[in-house]
Each structure stands twice: as structure tokens, then as C-alpha cells.
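>>> I would like the atomic coordinates for the input below:
(3 chains)
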Amino acid sequence: MKYSIYAFIALLGFLGLSLMNVNEYIFFAGFVILQFVVLATAWNILGGYAGYVNFGVPAFIAVGAYTAVVLFKSISAPLVVQIIGGGILAGLLGLTVGLLTLKLRGIFFSIATVAVVFILETVVMNWRYVGGATGLQLTRPQDLWIFDTYTRMLFFVMAVLAIGSVSIARYIQDSFLGRGLRAVRDSEEAAECSGVPTLKIKLIACTISGALMGIAGAPMPMYLSYIEPTATFNLNYSISALGMPIIGGTSHWIGPVIGALLLATIQQVVTVTVSNELNVLVVGVLLVLFVVLAPDGILGLIKKWKQSSK
Amino acid sequence: MISLDLLFEAVLFGILLGCFYAAVSLGLSVAFGLLDVPYVAHPALLILGSYFTFLLSKTGIDPIICGLLLMPVFYVIGIALYRFYYETFERRSSDTGVRGLAFFFGIAFIIEVCLILVFGVDQRTVSATYIGSSLEIGEYRFPYRMLVAFGIAIFLTTLLTLYFSKTFNGRAIKAVGQDEGALRLMGANPVKIKQLAFGIATAVNALAGAMLIIVGPVEPAMDRIYIGRTFCVVVLAGLGSMSGTLVAGLILGIAESIVMMTLGASWAPAVSFGLLLLMLGIRPQGLFGR
Amino acid sequence: METILEVNNVVKQFGGFTALSGVNVNVHKGERLGLIGPNGSGKTTLINCISGAFTDYEGAIHFNGQDISKLKAHERTKRGIARSFQIPRPFSSMTVMENLLVPFAFVGGKDGPEQQAEAMEILRGMGLADKAFVQSNQLSQVELRKMELARAMAAKPKLLISDEAMAGLSGNEVDEVLEILFDLNKLGITIIMIEHIMQAVMKFSERVICLDAGKIICEGTPENIVKNPDVQRAYLGD
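Residues are numbered from 1 along each chain as shown, chains lettered A, B, ... in the order given. Below is the predicted model:
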């Protein structure tokens, strides 16, 4: 029961914040940070819990974003429909990639995810309806619900999505599915022989993970009032989406949250003060350092520190 | 409909391109195909080789010579990298899959970003007497730089194939991927053998990187598309097949060349990645794999 | 005697190499069957075909009268076939108790307090009760072997295949594991034991089958097997 109370308080907190009279920049930056919470949490469901590394995060984000664009452009779909549509299609992509490669070794799955990024990017670049290589301008609808600006509304929507995805991750972790995924990660062979339907479980995780990434991507076109392929399909998303859970800690749902909040905030600071490239370098270096020195992430370090101070 | 002439020219160009792709993938064929190391940083090291060649060639040395000179340097880098990977990940079993992959992915990104910070995002080229002019046979023009790359590619592939079949160390490398135990019984140290193999794989990258910048301009983000090309070749060939790498490279080269001619250059990245996905879906062991 | 497992003319090839060339075995319910043979004779391949690690073999395998040849490994586990692995494969991020709760959850369908109590009983029977909440990557070799067997037991098997559970253990440790296997058999579980430690096989088995180069070359009581010239030749060479 405790978690739901925290989640509800967090929800109220975000709502309150979006209605307060504070600097608009908080919502610009906050949207991005919360988006990374969703991405990191989504990545961890397959990467941390099951041990399959998705390098093709931008493909799923892009499916979410471009589905939103198509829905918006064709039937003026409201934001909620865009998000659901994006999630469903991205989930289908996850299922497809999974069916193709989850029977093979982990690295083949990872390489396949990179392949999907490039193939989809090439398709989108040649698709006039969504703007092709030059991109598409979009006009935001006027519906602001109870908020002062569209950005504030998007910020709150992303907060809801973040809390939602973390709740899903938490539910999975404590369920049979989580137990099975952990078994698959530790020893797929032994899991099979212990009655775990390993392929089915991997496919479920892959689908959910993909869907959540699509949901994170769907509000992006409205946030930017613009969409174009190069930035949307940028592999930089991958290093962040995988670095954040690894740095935060992959075995528990709170790891990706810690990693995302910490790193995305650092990234915002670095991008504004120094340069855009440097923020990728920061994630890359931290990722390598943690993978080598502290494989259980910040959560692992906290655990060790607690144990030694007993 | 495409004229037969144009098709023929595309195929010829594809053969040259394909041999080049094969040579560029040889290092990965060894590191991943034979040794099972999740070496996703291979293309990044390839581009690094290109940039080192660029720097060295500024002193006036011919790019090919630069590549050759860089080989021992990269050999040492390869040994150090494998040693580090082995000590940190392979030794302590459990969960190596994720950590090893994440490690090399991180290394690839770090290399790419450092290159951007040092050299900027602009393309870099080298100059040499054979770059810029072409050999004309009848109606067809073969750029000299492509012929040079073709020559180096054949040279490297032959050298490696001979090495792996004729020398003791080479055969040990081929064996260590399949049966470490037997190798140990023969008195060879599997770790030292794998180290040697990784060193060779990375050294090959130095020369391949030189070839890359001879064939065309290079920019830091190129490692991303070369993930597709190199892994496509290695998967198409089948893990552990050296000679298969050449055939696979040719298939990819010709396919890409034809697609570029018919649909345009923007579809080129999709060819290697598409072929890769296709192979993974219908025949993951590749054409010649074990 | 009731037949619990029927292996009919199983042929398994890896590319050009034939690992099993027409193996026929009938295992009786409650039997203690020993499976021996030199390295590379196909013992583990046979086990992999029975457990479902391989499903692309020729021939048929029937369990409790039903054809299981097309079933995946986890489905066979649910039908009642459990195995341990030659090199132990613990779920290393989990405690011993959590290791056992996986088969309880996926074969039995529940992993609540009742199942935890059952798990403790199994562990007690193997002398592992005090390690129940220790992370499995902290266990010693013999403890890992026992946990493998405990985890197999948590799947409530009717047939247990023990794949070289005693390899590398000391004399005392071998006896410990042997006693566990005897106890399990007394509960009615059919046990197929693959071992290289001849004394253990002789002590344990009611019947022994010897494999060599993918074929069964001899079948009989332990005493007869040891005297058989084909068996001696297989192990010692000509």
C-alpha cells in the first residue's frame, strides 16, 4: 500500500508544480528529464530484468513519435489517442523484433535493434507525408486543459507517464513475470528446465519495453512543434537509455529512476553550460566506469555502504 | 527498366566495394566470429584508424604506409583491450552478456565523441597520387583509389586465411573458439591465444581504417553505419568463416551498389541492415557458419 | 513393471557429426538407472534430447505413455521430467530459497508461504536449510550440486536426471549426494544417473546402460556391465 501513496503524492506534486508561477524553463527541462525516466525504466524491463540489451531505443521512440504525427495529421487525434497509438505500434515493433531474434544469442538481438533504427530511418526519410528528410512543422491544438501553457501540460502528461511506467516496472518486478525474467537472465537453460516458458516471457518483456518507449516518444512532436528524422532516430538516445539504468542499478525499479533523474539533470546542465557532445561523453564515460567498477550501479554501492557500516 | 550496361557497371563497382567491405570486416570476423567477444566497438576502432591515418599522412607519408605503420600500435591496443575485457568480464562469469555489450558500446561512443571534440564533425580526407583519377577500360572507369583498396583487401584476406590455416598460432586461434579444453591439453594457453587473435583483429583495423579514408571522406559518426556493414558481412558469412567473409562482402557490395543505382544513395544504409535482419531471421548461422 | 520413459530410435546429428545413432531405452517407473560411457559417447546429448534442450532429433520419446518429442523443455518439466546440469547453473543473483521458488512458481503455479515451507523441507532433506537465504553464488561446489538437485525436486518430478552431480567432489561429498539420490528414489522418483565415478554408479544403479560413440553397447546389472569386454574396450581403448 505504501507505494501507491507515494505515487499519488508524487502525482499531486507534479500537478501542483505545473500550476505554480515558476520559470517556464523548469517545464522544458523537466519534460526531457521525465522522458528519460520513462525510457530508462522501459529499457530496464528487458535489459536489466531479462538481460537483453536494446541498442535501438530511438527506433521505438520514433515509432511512437511518428505514429502520433500521423494520427494528428490525419484525424486531428487528441494527445491521449496519439500516446496510446504510439505505444501500441511501438509494442508491435518490439514483438516483431523479438520474434525474429530472441531465439538467438543476446548479441544478435542487440545488433538487430540497431538494424531496425537504420531501416526505419531510411523509410521515414523517404515518406513525404510525415515530412521526409526535411521534417514537418506542427501546430499545437489550443486545448490546454487547466494549464497556462502547452509545455506545462506536456510536462504533467510526461509526469503521469513516468509514474505509470515506474508502476508497471514495479508490478512486473514483484510478479511471476519478474521472477521468470530474472531466471532467464541468470541462466536461460536452467530457467527452461525449471518450467519457465523462456521465449514467451522474453517476448512479453520486449513488447512492454517497446510500448513504453513508444509512449515516451509520442508527445515529442507536440513538445517540439516539429519532427524530423535525424534527431528522432539519433543513437545518442541508446547510450542514455542504457546508461541510466546501469548507472542507477538494474535489479530494482528504482535504479533507472535514480539514474535517469541524476544523469538527465547533469545532461541538461552540461548542454546549457558547455556543449551537446560533451553530455554524451559524460554518459559514456560514467557507463564504462560503472560497468567496470560498480556493476550493480548506485543501488549496489548504497547496499555495500550500508553493509560495511553495520 | 535499367539498362544492362548500367547494371554491369554497378556490379563491377559492387565487386570492388564488396572486397573493401570484406576487408573492413575481417577484424570483426576474428574478434566476434572466432572469439565470441561482443565487439560492437569494432567499427569505432576502424574510424579511429582512419583518423590516425589522416594525422600521420599529414607528415607526407603515403596513407597506405601510414596504415601499415599503425598496425603494430593497434596490435598493442588490441591486446590491452582484450586483456582488460577478459580480466573484468569474462573471468567473473555471471551476467557478462549485458556488461560486456554495454562496455564495448560505451567505448564506441567515447571514441566517437572524442573524435568529434578533437576533429569536429566535418569530413576528413587524405590525398595521394592514386586518389582522384581513374583507370579507363573501354567505357568503364575504375577509380584508382578503389583499385588500391581492392588490392589491399585481397592481400589482407589472403594473408589472414593463410595465417589461420598454415601457422600453429593461427590454427590455435581457429581452435580456441571451438574447444578450449583441447587447446589447453596441447599446451597452449587459451587466454594468450585469444589475446593474440584480438591483437591481430585490431591491427587489421588500422590498415582497414587507412583503406576507408583512401576510398572516401571520413567523419566521426561513420562508425554507426559500419556497425551494419561489418556485422552484416560477419553474420552473412557465418561465424568462424574467414573465406566466407569475402563472399559475404561481395554479396553486400553488389547489393548496395545496385540499390544505390536504382533507388539512390539514401537507401544504402538500409541494405546492410536489411540484409542483416533477413539473415538473422531465416538463417542465423550464415552461409558458411559452423 | 510400468514403463515411464520410452526412447525410440533416437538419432541426433550436429551438421555432419552423428552424436546419437539410433538409441533405444525403456526406463521403468521407480527404477535407478545408471548411464555410463566414455567422454563424447553421447550421454549428455541423450539427456538433452530427453529433457528437451534439443528438439530437432529423429525418433520418438514417450513419457508416461505420451509423445513428448515436439514439446519444449519447459513443457516437459511441467509433465514431470527434471534434470540437473553437469556444470551447475544456479540463478546466481537469487538466494537458495528464491532459486527453488522459480520451479514452484512456474511448474506448480504458486510461490507463497506454503511453497516456501515446502522448499525449506526439501533443503532440510539435503542439509542446506541453513543456507536458504544465502545468495547462491556464495555456495561451495557440493552445496551448488545439492541445490541443483533441490531445485529439480521443487519441480515435483516423476523422473529426475542427474548429470554428473558428483564430478569433482571428495569421497565424503560423493556419499552425501548419493544418499540424497537414494532418498529421492525412495519417494518413488525414477532416477537416471550419469556418472564417471564407477563406485557410485555400481552402488546406486539397479541397471546400467553403457553408451559409446552414440550407440548402446551394453545393458545389464552393475556386476555384468563391469565384466563386459565391450565396456572395457570402450573405456580403455583397444
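>>> give me the number of residues near residue A:9?
The number of residues packed near residue A:9 is 10, by other CB atoms under 10 Å in any protein chain shown. C-beta here means a position set from N, CA and C on the backbone, and glycine is covered the same way.
>>> Relative to residue B:73, how far out is it?
Relative to residue B:73, residue A:9 is positioned 58 Å away (CB to CB, to the nearest Å).
>>> What is the three-state secondary structure of the closest residue to chain B within chain C?
Proximity of chain C to chain B (CB to the nearest CB) peaks at residue C:92, 4.8 Å away. Three-state assignment for residue C:92 (DSSP: H, G, I helix; E, B strand; the rest coil): coil.
>>> how many neighbours does it have?
19.
>>> Next, the contact list for residue A:14, please.
A:155, A:156, A:159, A:160, A:163 (CB atoms under 8 Å, 6 or more residues apart in numbering or on different chains).
>>> Now which of those residues would you call buried?
Buried subset of the contacts of residue A:14 (neighbour count, 16 or more other CB atoms under 10 Å in any protein chain shown): A:155, A:156, A:159, A:163.
>>> can you list the residues you listed in JSON lines and add distance to residue A:45, secondary structure and pLDDT?
Output for the buried ones among the contacts of residue A:14, formatted as JSON lines (distance: CB to CB, whole Å; DSSP: H, G, I helix; E, B strand; the rest coil; pLDDT from 0 to 100):
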{"residue": "A:155", "distance to residue A:45": "24", "secondary structure": "helix", "pLDDT": "94"}
{"residue": "A:156", "distance to residue A:45": "24", "secondary structure": "helix", "pLDDT": "94"}
{"residue": "A:159", "distance to residue A:45": "20", "secondary structure": "helix", "pLDDT": "95"}
{"residue": "A:163", "distance to residue A:45": "16", "secondary structure": "helix", "pLDDT": "96"}
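>>> wait, which of those residues is closest to chain B?
residue A:163 (26.4 Å).
>>> Surely the closest one is in contact with residue A:11?
Yes. Contact criterion CB atoms under 8 Å: residue A:163 and residue A:11 qualify, at 5.8 Å.
>>> Give me the nearest residue to the residue nearest in space to the middle of chain A, chain neighbours excluded.
Ranked by distance to the mean C-alpha position of chain A (CA atoms, centre = their mean), the top residue is residue A:39 at 1.1 Å. Computed as CB to CB, 6 or more residues apart in numbering or on different chains, the closest residue to residue A:39 that is not its neighbour in sequence is residue A:241, at 4.4 Å.
>>> Run through the residues that contact the one you found.
Neighbours of residue A:241 in contact, by CB under 8 Å, 6+ apart: A:36, A:39, A:40, A:42, A:43, A:54, A:57, A:213.
>>> which element is it on?
helix A:236-248 (DSSP states H and E).
>>> In the chain, where is pLDDT below threshold?
Let's take chain A. In the predicted model, chain A carries pLDDT under 70 at residues A:1, A:310.
>>> Chain C, not that one
Looking at chain C by pLDDT under 70, you get C:237-238.
>>> Repeat the analysis, applying 80 as the threshold.
Along chain C, segments meeting pLDDT under 80 span C:1, C:15-16, C:230-238.
>>> Quick one: name the residues of it near chain B.
Proximity of chain C to chain B (CB under 8 Å from any CB of the partner chain) is limited to residues C:15, C:92, C:93, C:137.
>>> Closest one to residue C:221 out of the residues you listed, please.
residue C:15 (37.3 Å; CB to CB).
>>> How far away from the center of its chain is the lengthiest helix in chain C?
Scanning chain C for the longest helix, with DSSP state H as the assignment, gives helix C:171-186. Remark: helix C:171-186 is offset 13 Å from the chain centroid, using CA atoms, centre = their mean, to the nearest Å.
>>> Any buried residues in it, and which?
So for helix C:171-186, counting by 16+ other CB under 10 Å, buried means C:173, C:174, C:176, C:177, C:178, C:180, C:181, C:184, C:185.
>>> do stretch A:299-310 as well
Residues A:299, A:300 are the ones in stretch A:299-310 that count as buried (16+ other CB under 10 Å).
>>> outside of that stretch, which residues touch it?
A:248, A:249, A:251, A:252, A:254, A:255, A:258, A:294, A:296.
>>> Among those residues, which ones are in helices?
By the criterion of DSSP H, membership of these in helices covers A:248, A:254, A:255, A:258.
>>> Between these, which sits nearest chain C?
Distances from chain C to the ones in helices among the contacts of stretch A:299-310, taken by CB to the nearest CB, are shortest for residue A:255, at 13.4 Å.
>>> how about the nearest residue to that closest one, chain neighbours excluded?
Nearest residue to residue A:255 in three dimensions, chain neighbours excluded: residue A:249, at 3.0 Å (CB to CB, 6+ apart).
>>> okay, now that neighbour: neighbour count?
Neighbour count for residue A:249, taken as other CB under 10 Å: 27.
>>> and it, what does it touch?
Counted by CB under 8 Å, 6+ apart, residue A:249 has contacts A:255, A:256, A:258, A:259, A:296, A:297, A:298, A:299, A:300.
>>> give me phi/psi at it?
Reported as degrees, to the nearest 10, the phi and psi values for residue A:249 are phi 130, psi 120.
>>> again, but for residue A:76
Main-chain dihedrals, residue A:76, degrees, to the nearest 10: phi 50, psi 40.
>>> what's the distance between it and chain C?
Going from residue A:76 to chain C by CB to the nearest CB, to the nearest Å gives 47 Å.
>>> who are the neighbours in contact with that residue?
Contacts of residue A:76 by CB under 8 Å, 6+ apart are residue A:141.
>>> Nearest residue to the residue nearest the centre of chain C in space, ignoring adjacent ones along the chain?
In chain C, the centroid-proximal residue (CA atoms, centre = their mean) is residue C:161; its distance is 1.6 Å. Using CB to CB, 6+ apart and skipping residues adjacent in sequence, the residue nearest residue C:161 is residue C:83, 4.1 Å away.
>>> Next up, the contacts around that neighbour.
Under the criterion of CB under 8 Å, 6+ apart, the contact list for residue C:83 reads A:193, C:47, C:51, C:152, C:160, C:161, C:162, C:163.
>>> Just the buried ones among the residues of chain C next to chain B, please.
Of the residues of chain C next to chain B, these count as buried by 16+ other CB under 10 Å: C:92, C:93.
>>> Closest one of the residues of chain C next to chain B to residue B:64?
Nearest member of the residues of chain C next to chain B to residue B:64, counting by CB to CB, is residue C:15, at 40.2 Å.
>>> Which residue ranges of the stretch 51-200 of chain A form helices?
Using DSSP state H, counting those that start in this stretch, the helices of the stretch 51-200 of chain A run over A:57-75, A:79-101, A:106-125, A:150-174, A:176-186, A:188-193, A:198-217.
>>> thinking again about what came up before, if I look at the residue nearest to residue A:39, how far off is residue A:210?
Residue A:241 sits 12 Å away from residue A:210, going by CB to CB.
>>> intersection of neighbour lists for these two?
Overlap of the contact sets of residue A:241 and residue A:210 (by CB under 8 Å, 6+ apart) consists of residue A:42.
>>> could you dump stretch A:114-132 to CSV, C-alpha only?
Output of stretch A:114-132 as CSV, limited to C-alpha atoms (Å, rounded to 0.1, in the frame of the first residue of the first chain):
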residue,chain,number,x,y,z
VAL,A,114,20.5,-1.2,-34.3
ALA,A,115,19.4,-2.5,-37.7
VAL,A,116,15.8,-1.5,-37.0
VAL,A,117,16.8,2.1,-36.3
PHE,A,118,18.6,2.5,-39.7
ILE,A,119,15.9,0.7,-41.7
LEU,A,120,13.1,2.7,-40.2
GLU,A,121,15.0,5.9,-40.5
THR,A,122,15.5,5.2,-44.2
VAL,A,123,11.8,4.5,-44.7
VAL,A,124,10.8,7.7,-42.9
MET,A,125,13.2,9.8,-44.8
ASN,A,126,11.5,8.8,-48.0
TRP,A,127,8.0,9.3,-46.6
ARG,A,128,6.6,12.6,-47.8
TYR,A,129,3.5,12.5,-45.7
VAL,A,130,5.5,12.9,-42.4
GLY,A,131,7.9,15.4,-43.9
GLY,A,132,10.6,13.1,-45.2
